[in-house]
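> model this:
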Amino acid sequence: MLRYKLIASDFDGTLRRSDGTVSEETKRVVNEFISRGGIFAICTGRMTLSILPHARALGLKGLLVAYQGGVIRDIESGAFLRDLRIPNADAVMLCEFLEKDGYHVHAYDGDRFFVNADDGFRSMYEQICRVHGILTPQNISETVKREGFGANKIVVMCEPSKHDGLLSRCLAAFGDRFYITSSMDQMVEIAPKGADKGGALEFLARHYTVPVAETIGVGDNFNDLPLIQRAGLGVAIGNAVEELKAAAGFTTKSCDEDGVAYVIRKFALGEEE
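Down below sits the predicted model:
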């Protein structure tokens with residue numbers, strides 16, 4: 001009998017090691033958990049196109065959470081169960097706010113995203129996520145307006161030294177209207193209200209008819225706070241930011257030490273002391 005029936009894990013810096021891989025040991029333990037009746041779901045800020053190959057490589061089926069919880073899709077069929085978006089007029093306004101100071105901006109529409117600068121931020125992002133943006137002029141707001149889509153999220157990238165100030169500025173201007181978070185020290189993300197990992201965990205629990213008390217959420221950064229705060233057991237990976245560790249019920253080993261596998265063995269399978 002599994003002690004916890006549903007585990008939702010962040011991907012980058014949590015399930016994924018710093019060398020970009022998911023270890024064979026982690027794959028083995030995840031699949032053992034599933035074979036014993038458990039449900040394992042990736043819960044990431046990445047776009048679906050970027051995370052699907054990793055979910056399939058793990059052999060996962062069922063639901064996948066992308067865009068911080070704004071999108072929930074079935075891995076096998078591709079069917080959408082949730083697709084939250086920022087209305088087009090608001091997405092245009094957000095891009096105008098960010099582009100006027102020359103920031104590197106992304107605007108996301110399902111399986112495509114637009115980017116307003118061909119620079120080091122673009123290269124880094126595309127290399128990590130294995131996706132390619134559609135290059136637009138610096139005034140990306142005009143492209144978003146012309147294309148007419150509601151955005152799954154808006155991302156702004158900056159030097160780490162400017163991150164906290166930019167995050168504070170965005171929160172002060174728009175924190176009451178949108179969900180604003182960060183998953184790395186070079187990125188601020190703006191998503192629709194309700195598009196957070198805590199709400200996504202509740203959605204998964206309802207879908208699979210698992211009590212929230214019997215769920216585990218694992219993460220490493222600020223965008224994982226809603227996940228670990230809502231889960232029956234909130235876990236910070238060993239390399240997590242200190243704010244997440246302070247909020248977690250347990251801190252596991254680092255991503256490079258297969259911290260997710262350790263959590264599964266200890267709390268779900270009952271194999272670790």
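> low pLDDT regions in the stretch 101-250 of the chain?
For the stretch 101-250 of the chain, not a single residue meets the criterion pLDDT under 70.
> and the strands in it, which stretches?
Residue ranges of the strands in the stretch 101-250 of the chain, as given by DSSP state E, counting those that start in this stretch, are 104-109, 112-115, 134-135, 154-157, 178-184, 187-192, 215-219, 233-236, 250-251.
> let me know which of those strands is the nearest to residue 58.
Residue 58 lies closest, by C-beta to C-beta, to one member of the strands of the stretch 101-250 of the chain: strand 215-219, at 14.4 Å. C-beta here means a position set from N, CA and C on the backbone, and glycine is covered the same way.
> on that earlier part again, the strands of the stretch 101-250 of the chain into JSON lines, with extra columns for mean neighbour count?
Converted to JSON lines, these look like this (neighbours: other C-beta atoms under 10 Å):
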{"stretch": "strand 104-109", "mean neighbour count": "25"}
{"stretch": "strand 112-115", "mean neighbour count": "20"}
{"stretch": "strand 134-135", "mean neighbour count": "13"}
{"stretch": "strand 154-157", "mean neighbour count": "25"}
{"stretch": "strand 178-184", "mean neighbour count": "22"}
{"stretch": "strand 187-192", "mean neighbour count": "25"}
{"stretch": "strand 215-219", "mean neighbour count": "29"}
{"stretch": "strand 233-236", "mean neighbour count": "25"}
{"stretch": "strand 250-251", "mean neighbour count": "16"}
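> residues contacting residue 173?
Residue 173 makes contact with residue 97 under the criterion C-beta atoms under 8 Å, 6 or more residues apart in numbering.
> can you list the strands of the stretch 101-250 of the chain in CSV and add distance to residue 88?
Formatted as CSV, these follow (distance: least, C-beta to C-beta, whole Å):
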stretch, distance to residue 88
strand 104-109, 10
strand 112-115, 13
strand 134-135, 17
strand 154-157, 12
strand 178-184, 14
strand 187-192, 12
strand 215-219, 31
strand 233-236, 35
strand 250-251, 41
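> alright, I will stop here.
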